[in-house]
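*Asks:* model this:
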Amino acid sequence: MWRIPHLLEAGKIKTVIDRSYTLEKVPDAICYLEKGHLRGKLTINL
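*Replies:* Residues are numbered from 1 along each chain as shown. Prediction:
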C-alpha cells in the first residue's frame, strides 16, 4: 500500500505551491482564497 511520503519520494505526486505570503500579508492571502483563484497550496511564512 502506497503512503503519501512514499508517493512524494517516488515522484508520483508533487506539491504545488501557488503563492507564499508573509505573516503581515495574511489578510491579502485570505482575499486571494476567497476570490477562488487558488491553483495549489498557499503558504504563510513566519
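*Asks:* Got phi/psi on T15?
*Replies:* phi -80, psi 130 (degrees, to the nearest 10).
*Asks:* hey, what's the nearest residue to it once chain neighbours are set aside bridged with?
*Replies:* Nearest residue to T15 in three dimensions, chain neighbours excluded: K41, at 6.5 Å (Cβ to Cβ, 6 or more residues apart in numbering). The way it works is simple: take the backbone N, C-alpha and C, and place the C-beta from them, glycine included. When bridges are called by DSSP bridges, K41 pairs up with I17.
*Asks:* So which bits of the helix or strand hosting A29 are buried?
*Replies:* Element membership for A29, per DSSP states H and E: helix 26-35. Residues of helix 26-35 classed as buried by neighbour count (16 or more other Cβ atoms under 10 Å): 29, 32.
*Asks:* For the helix or strand bottoming out on mean pLDDT in the chain, what is the distance to the chain centroid?
*Replies:* Taking mean pLDDT, DSSP states H and E as the measure, the chain has helix 4-9 as its least confident helix or strand, at a mean of 86. Averaging C-alpha positions (Cα atoms, centre = their mean, to the nearest Å) puts helix 4-9 17 Å from its chain's average.
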